[in-house]
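J.: just need the structure, nothing else, for what follows:
(2 chains)
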Amino acid sequence: MRKLHFELSGASAIAEMHDDVVPKTCDAVWDILPVEGMSIHANWASREIMLHLAGEKILRLPPEGPPRHGAIAPGDIVYFWRSPQMSQGKQLAYSSEFQRELSEFAIFYGEPSGGGLNAQDPTRGAGADLEVTTLFATFIDLPSEFTDRCEEIRHNGLKKLIVKRLET
Amino acid sequence: MTRVKITLGSAEALAELDVEGAPKTTSWLKTVLPVEAQAIHSMENGREVYALIDDPQQVPEENQTIYQCVGDLVVYYKPAIFVKPTWPRHVRSFLVVGFIYERQSAIRGMSGPLATNLVGKITEGIDALAHEAPRMRREGFGEIGISLV
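T.: Next up is the predicted model:
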């Protein structure tokens, strides 16, 4: 399995891609690496930070793999795409280009993951033309230093996140 | 009419307390005001900002709703896991006072909607809060202040 390296304000974590389950999504993600940007904390899905994909890095992928019925576990890394017609109100905390269509890596770093309002969002499973959520990687080395940096985003604001291929 | 001033960063707002609907909770709130605390943004409820209230008094369930609206000022016990990644294991909830500043929000517990004491309504300045809170999500959260007018 291919591996990914995450760097967040000097802290690192390593994830393994699910090449055997969602190979097309993994290929698409692999092809745009490295990606970097300012990550923001979730406000619906609990302990999640998001890295919005911008410009030529934006991905618009079809769904792949088994349906997950909204189940999320700490350490999951999800490709998420939301149609412009599924705007969830004003997104003033996001850069202007993400206030409608959204393409991102959703990075779940702790408990609870995916709980709260997100778990009861009726748009989950609404259709691939509206929203795509594909679990494509899971952390295999997630140090507390990295999760601490994630939590700090919630309180201290955006932090730079870099996602790279981990070549072996 | 009893009013409170809410400050969040550079934003100010006024709320009217629902003394008639929530007499016990508004009385309790007056005993802990003024509040100057670290503002925390919800990570599970949408557009909610709250402050932890360190007070041993038990706030009774009163004037409760699971259908929170923009501008609602609410008091409730938030599940600890939504507040801190680690916490004293005998603690399962924290007493908070918070407000909803934008739609797409609803207070949730671990397994569904969470009833909250509705103690007041923001009558002035909701737009200022709705701009300041997202700015703080990007740049970092400062203090929230709540005081009697």
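
J.: residues contacting the closest residue to residue A:56 other than its chain neighbours?
T.: Distance criterion C-beta to C-beta, 6 or more residues apart in numbering or on different chains; nearest residue to residue A:56, sequence neighbours excluded, is residue A:32 at 7.9 Å. C-beta coordinates here come from the backbone N, C-alpha and C atoms, glycine included. Residues in contact with residue A:32 (C-beta atoms under 8 Å, 6 or more residues apart in numbering or on different chains) are A:53, A:56, A:57, A:59.

J.: all strands of chain B, in order?
T.: B:3-8, B:11-17, B:35-38, B:40-41, B:48-52, B:64-65, B:72-79, B:93-100, B:116-124, B:143-148 (DSSP state E).

J.: got the phi/psi numbers for the residue nearest to residue A:56?
T.: Torsion angles at residue A:32 (phi, psi; degrees, to the nearest 10) stand at phi -90, psi 0.

J.: distance of it from residue A:55?
T.: Taking C-beta to C-beta, to the nearest Å as the measure, residue A:32 falls 10 Å from residue A:55.

J.: swap in residue B:77?
T.: Per C-beta to C-beta, residue B:77 is found 44 Å from residue A:55.

J.: the more surrounded of the two?
T.: Higher neighbour count among residue B:77 and residue A:55: residue B:77, with 17 against 7, using other C-beta atoms under 10 Å in any protein chain shown.

J.: what's the closest non-adjacent residue to the more buried one?
T.: Residue B:77 sits nearest to residue B:93 (C-beta to C-beta, 6+ apart), 3.9 Å away.

J.: wait, that neighbour touches residue B:79, no?
T.: Yes - at 5.7 Å, residue B:93 counts as touching residue B:79 under the criterion of C-beta atoms under 8 Å.

J.: next SSE downstream of the longest helix along chain A?
T.: Longest helix in chain A by number of residues, with DSSP state H as the criterion: helix A:144-156. Sequence-wise, the next helix or strand downstream of helix A:144-156 (DSSP states H and E) is strand A:159-166.

J.: where along chain A do the helices fall?
T.: Shown for chain A, the helices assigned by DSSP H span residues A:23-32, A:144-156.

J.: end to end, how far does stretch A:20-38 reach?
T.: 30 Å (C-alpha to C-alpha, to the nearest Å).

J.: give me the buried positions along it.
T.: A:22, A:25, A:26, A:28, A:29, A:33, A:35, A:37 (16 or more other C-beta atoms under 10 Å in any protein chain shown).

J.: next: stretch B:84-96.
T.: Applying a neighbour-count criterion of 16+ other C-beta under 10 Å, one finds B:85, B:93, B:94, B:95, B:96 buried in stretch B:84-96.

J.: give me the nearest residue to residue B:39, chain neighbours excluded.
T.: Computed as C-beta to C-beta, 6+ apart, the closest residue to residue B:39 that is not its neighbour in sequence is residue B:144, at 3.8 Å.

J.: possible to save the strands of chain B as TSV with mean pLDDT?
T.: Output for those, formatted as TSV (pLDDT from 0 to 100):
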stretch	mean pLDDT
strand B:3-8	98
strand B:11-17	98
strand B:35-38	96
strand B:40-41	96
strand B:48-52	98
strand B:64-65	98
strand B:72-79	97
strand B:93-100	97
strand B:116-124	98
strand B:143-148	97
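
J.: so which of those comes closest to residue A:101?
T.: For those, the distance to residue A:101 is smallest for strand B:40-41, at 23.6 Å, taking C-beta to C-beta.

J.: got the angle for the top helix by length along chain B vs strand B:11-17?
T.: Once chain B is assigned using DSSP H, the helix that runs over the most residues is helix B:126-139. Interaxial angle of helix B:126-139 relative to strand B:11-17 (axes from the mean of the first three to the mean of the last three C-alpha atoms, to 10 degrees): 130 degrees.

J.: ok, and what's touching helix B:126-139?
T.: The set of residues external to helix B:126-139 that reach it, using C-beta under 8 Å, 6+ apart, is A:40-41, A:43, A:90-93, A:157-158, B:6, B:8-13, B:39, B:41, B:47, B:49, B:70-71, B:99, B:101-102, B:122, B:142.

J.: and if we set it to 6 Å?
T.: With C-beta atoms under 6 Å, 6 or more residues apart in numbering or on different chains as the test, helix B:126-139 has contacts from A:92-93, A:157-158, B:8-9, B:11, B:13, B:41, B:49, B:71, B:101-102.

J.: same check on stretch B:38-53?
T.: For stretch B:38-53, contacts defined as C-beta under 6 Å, 6+ apart pick out A:42-44, A:46, A:116-117, B:8, B:32, B:35, B:37, B:82, B:94-98, B:100-102, B:104-105, B:107-108, B:133, B:137, B:141, B:144.
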